[in-house]
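# Predicted coordinates and the sequence they were generated for:
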There are 2 protein chains.
Amino acid sequence: MAQVTFSATSKKLPLGLAVESESRGFKLIMDEPKSLGGTDTGMNPVEGLLCALGSCQVIVAAAFALANDIAFSEFWIELEGDLDTDGFLKGVPGVRNGFSEIRTKMHIKTDAAPEKVEAFARFIEGRCPVGDTIIAGTVVKNQIVKEG
Amino acid sequence: MAQVTFSATSKKLPLGLAVESESRGFKLIMDEPKSLGGTDTGMNPVEGLLCALGSCQVIVAAAFALANDIAFSEFWIELEGDLDTDGFLKGVPGVRNGFSEIRTKMHIKTDAAPEKVEAFARFIEGRCPVGDTIIAGTVVKNQIVKEG
């Protein structure tokens, strides 16, 4: 048992839909493109979610390559997620608001045998914290505080 | 039906566990703190996930305030997520690798009545695409390509 609590804050900026988030001093601006009502000053939150997933898988690959007896010179991932905007934009019943499916394509430059590469991919998908949060689903408890 | 496919790429940087992600030209560095084996050049992916969720909830609040007959002068969110690092670091059986629970505390500066504020919070949690992806869970299909 090694419970850790991670934290962040997100604050609406004065302009349009732009949001500044911060975690441990690292800052991140997200916004929406003009087609979704924003001013396009940063990637949007669902794109940010894809980046968090891709980063997490890359970090798992880098951190556990040795333990999996794999050496690679390059590792990168392409990610895609499908979302029906009729959900969150219009609230159409029966349309979910989030991603219906996410796909990743990992690219690895390695001399390792194909079976070993395939096993490594299964290890990465099984061990990634962001992937597990999304795939298995996680309870989110929200509360609101009215400020004076 | 207004299906949109969002995309991103994540690439391992030469140094340690650092990863550069990109979506629509917007770039984002993630890394791990030294305590988790990284070089601390950016927030880590689970912190990035919290920022994506917080940004998404803020954007939903800003975009749908008028439709919910709510006016606010400020809106910010504190987020926390609990994670047992025995999962992804050690692969301890029965310990999940992702967040076991995420909590958000929304702060709103408004003159609106408390019941209206509470209803607005429920609207935000119900409409947020990143929240829906996490709460309901989403299939992630991974493939790997061995590069020459």
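Structure's in. What do you need?
# domains of chain A?
Structurally, chain A divides into domains by automatic domain parsing as follows: A:9-42, A:44-136.
# Go through these and pick out the most buried.
Most buried of those, by mean neighbour count (mean count of other C-beta atoms under 10 Å in any protein chain shown): domain A:44-136, with a mean of 20. Where C-beta positions appear, they are placed from N, C-alpha and C, glycine not excepted.
# Can you give the distance of that one from its chain's centre?
Counting by C-alpha atoms, centre = their mean, to the nearest Å, domain A:44-136 is centred 8 Å from the centre of its parent chain.
# If you rank every helix and strand of chain A by mean pLDDT, what lands last?
Sorted by mean pLDDT, DSSP states H and E, the helices and strands of chain A end with helix A:86-90, the least confident at a mean of 94.
# can you list contacts of that helix?
For helix A:86-90, the surrounding residues in contact (C-beta atoms under 8 Å, 6 or more residues apart in numbering or on different chains) are A:36, A:92, A:95-98, B:1-2, B:60, B:127-129, B:132.
# Using pLDDT, spot the least trustworthy of the residues you listed.
Lowest pLDDT among the contacts of helix A:86-90: residue B:1, with 75.
# After the least confident helix or strand of chain A, heading C-terminal, what element do we hit next?
The first helix or strand that comes after helix A:86-90 along the chain, using DSSP states H and E, is strand A:101-109.
# For residue A:96, give me its contacts.
Residue A:96 makes contacts with A:84, A:87, B:132, B:136, as judged by C-beta under 8 Å, 6+ apart.
# relative orientation of the helix ranked longest in chain A and helix B:45-64 in degrees?
Looking only at chain A and at elements set by DSSP state H, the helix with the highest residue count is helix A:45-64. Interaxial angle, helix A:45-64 versus helix B:45-64 (axes from the mean of the first three to the mean of the last three C-alpha atoms, to 10 degrees): 180 degrees.
# Walk me through which strands the helix or strand following helix A:45-64 pairs with, and which way each runs.
Using DSSP H and E, the helix or strand that follows helix A:45-64 in sequence is strand A:74-84. Sheet pairing of strand A:74-84 (DSSP bridges) gives strand A:101-109 (antiparallel), strand B:3-12 (antiparallel).
# The nearest residue to residue A:62 once chain neighbours are set aside: what secondary structure?
Among residues not flanking residue A:62 along the chain, residue B:17 sits closest, at 5.1 Å (C-beta to C-beta, 6 or more residues apart in numbering or on different chains). Taken by DSSP: H, G, I helix; E, B strand; the rest coil, the conformation at residue B:17 corresponds to coil.
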